[in-house]
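*Asks:* quick one: sequence and predicted model below, then my questions.
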Amino acid sequence: RYRVTVTVQGRPLMHGWWGSEATARRKFVAWIGEHGSRPGARVTLADEETGETLTEWPDPG
C-alpha cells in the first residue's frame with residue numbers, strides 16, 4: 001500500500017512497497033541517507049490506496 005520512490009534527475013532509480021506505513025517511513029528516511037547526496041535526488045512516500053503523497057524529500061515547499 002505504501003510506496004517509496006527514489007528518483008535522480010527525474011528518472012526512477014528504485015522503489016519499494018510496504019503494507020505498514022511505519023515500515024515505509026523508516027525506508028523513506030533510510031533511502032534519504034543512502035541516496036540523498038546524489039545530484040537531483042528526490043525521495044517520495046505515497047499511499048497507493050488513496051493516491052496521496054505523504055511526504056517528499058527535499059521538501060518542495
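*Replies:* Thanks, I have the structure now. Numbers count the residues shown, from 1 in each chain.

*Asks:* can we go C-alpha only for contacts and neighbour counts from here?
*Replies:* OK.

*Asks:* which ones are touching the residue positioned nearest the centre of the chain?
*Replies:* The residue lying closest to the centre of the chain (CA atoms, centre = their mean) is residue 44, at 2.9 Å. Going by CA atoms under 8 Å, 6 or more residues apart in numbering, residue 44 touches 3-6, 28, 53-57.

*Asks:* cutoff 7 Å now
*Replies:* By CA atoms under 7 Å, 6 or more residues apart in numbering, the contact list for residue 44 reads 4-6, 55-57.

*Asks:* from residue 27, how far out is residue 13?
*Replies:* As judged by CA to CA, to the nearest Å, residue 13 and residue 27 stand 15 Å apart.

*Asks:* who's more crowded, those two?
*Replies:* residue 27 (19 against 14; other CA atoms under 10 Å).

*Asks:* which residue is the nearest non-sequential neighbour of the more buried one?
*Replies:* Counting by CA to CA, 6 or more residues apart in numbering, residue 4 is the residue found nearest to residue 27 once chain neighbours are left out, at 7.4 Å.

*Asks:* what sits against that neighbour?
*Replies:* Counting by CA under 7 Å, 6+ apart, residue 4 touches 15-17, 24, 28, 43-46.

*Asks:* so residue 24, which state does it fall into?
*Replies:* Under DSSP: H, G, I helix; E, B strand; the rest coil, residue 24 falls in the helix class.
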